[in-house]
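Q: What follows is a predicted structure for the sequence shown.
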Amino acid sequence: MLSFPGRIFRFYRDGFRSMSIGKTLWKVILVKLFIMFVVLKLFFFPNFLATNFSSDEQRAAHVMEQITGAVQKQN
């Protein structure tokens, strides 16, 4: 018996396989995923910590300040 994600994958795989344009649809899906996860990350989600802080200690201090500062403001 397959897990739930395995059954979902098998459902879509078999459905696309029986379609006449299934391979084209898989290509479109893969291109869209590539654009979403690679291209958008490069242009819209820069590595803020690496560009603004030079050491791991500074990065850790900034993250800790951001996490604990938000909690202290709520109280």
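A: Ah, there it is.

Q: Y12: neighbouring residues, count only.
A: Y12: 13 surrounding residues under other C-beta atoms under 10 Å. All C-beta atoms are positioned from the backbone trio N, CA, C, and that covers glycine.

Q: Over to Q66?
A: 9.

Q: where does the chain dip in pLDDT?
A: Confidence mapping of the chain against pLDDT under 70 gives the ranges 70-75.

Q: tell me the domain ranges of it?
A: 1-44, 47-75 (automatic domain parsing).

Q: need the helices for this structure, in chain order.
A: 4-18, 22-34, 40-44, 48-52, 56-74 (DSSP state H).

Q: Using CSV, write out every CA atom in the fourth one.
A: Which is helix 48-52. Extracted C-alpha coordinates of helix 48-52, given in CSV (Å, rounded to 0.1, in the frame of the first residue of the first chain):
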residue,chain,number,x,y,z
PHE,A,48,19.7,39.4,3.3
LEU,A,49,21.9,38.0,6.1
ALA,A,50,24.9,37.2,3.9
THR,A,51,24.9,40.6,2.3
ASN,A,52,24.4,42.7,5.5
